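S.K.: Quick one, structure for this:
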Amino acid sequence: MTENRDAGTSVRQFTAELVGAAMEGAYDDVADALGVVARAGASRVAGEIVAELVGRCAAVIRVRHPADPGSVFTVAVTDERDRPVEVDRLPPGPLAALRALLADLGEDDESRDIQLELAARGEPDDVVGVVIHLLVWLVELSGSPAASLPSLSCFAR
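M.R.: Coordinates of the predicted model:
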């Protein structure tokens with residue numbers, strides 16, 4: 001990714017291509033794009049990619065599960081055996097991304113922005129981990145039946 005006069009458009013295009021590759025199962029392309037994210041590290045560009053992915057996840061949820069203004073969104077985190085897990089036991093980056101998603105759904109822009117900043121900081125592999133979680137969530141959300149609430153996968157190290 002290079003800086004140009006309209007970096008926001010470049011980030012949106014990059015993110016759209018990354019999402020398209022993930023949806024199509026083009027894992028070599030996804031891996032190449034994740035390499036770009038890793039090289040960007042905890043930068044403004046990485047933060048914009050994370051923000052774009054959170055926004056896309058929220059948009060899919062809003063389309064599938066419209067809610068009245070002021071609705072409160074919650075999550076239930078379970079392990080692979082469907083046992084409840086404390087949400088705060090998630091890794092810091094994905095936890096911040098999940099909180100950013102909930103803030104976006106709740107139309108709390110200030111909290112969303114704080115959580116986005118937290119999600120996009122850290123070492124390059126931390127940022128890549130957040131992007132991977134968001135991509136997996138977007139694929140899961142997009143592939144779930146409209147009438148059901150999806151289960152979002154979370155991966156610990």
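S.K.: Point to the residue nearest the middle of this protein.
M.R.: Taking CA atoms, centre = their mean as the criterion, residue 134 is the residue nearest the geometric centre of the chain, at 2.8 Å.
S.K.: What separation is there between residue 109 and residue 51?
M.R.: Distance, residue 109 to residue 51, using CB to CB, to the nearest Å: 11 Å. Yep, even glycine has a C-beta here, placed from its N, CA and C like the rest.
S.K.: Between the two, which is the more surrounded one?
M.R.: residue 51 (22 against 10; other CB atoms under 10 Å).
S.K.: can you tell me the helix or strand for the more buried one?
M.R.: Per DSSP states H and E, residue 51 falls inside helix 44-64.
S.K.: Quick one: classify the closest residue to residue 109 other than its chain neighbours as helix, strand or coil.
M.R.: Distances taken as CB to CB, 6 or more residues apart in numbering put residue 103 closest to residue 109, at 7.7 Å, once the chain neighbours are dropped. Of the three states, residue 103 takes helix under DSSP: H, G, I helix; E, B strand; the rest coil.
S.K.: Would you confirm that residue 103 contacts residue 111?
M.R.: Yes. With contact defined as CB atoms under 8 Å, residue 103 reaches residue 111; the gap is 3.9 Å.
S.K.: Which one of the two is surrounded by more residues?
M.R.: Between residue 103 and residue 111, counting by other CB under 10 Å, residue 103 is the more crowded of the two (21 against 15).
S.K.: could you list every residue that touches the more buried one?
M.R.: By CB atoms under 8 Å, 6 or more residues apart in numbering, the contact set of residue 103 is 109, 111, 112, 115.
S.K.: Return the member of those nearest to residue 77.
M.R.: Set against residue 77, the nearest of the contacts of residue 103 by CB to CB is residue 115 (16.0 Å).
S.K.: Show the contacting residues for the closest residue to that closest one other than its chain neighbours.
M.R.: Using CB to CB, 6+ apart and skipping the chain neighbours, the partner closest in space to residue 115 is residue 100 (3.6 Å). Applying CB under 8 Å, 6+ apart, we find residue 100 in contact with 50, 51, 54, 111, 112, 115, 116, 119.
S.K.: at 10 Å instead, please
M.R.: Going by CB atoms under 10 Å, 6 or more residues apart in numbering, residue 100 touches 50-51, 53-55, 57-58, 108, 111-120, 130, 134.
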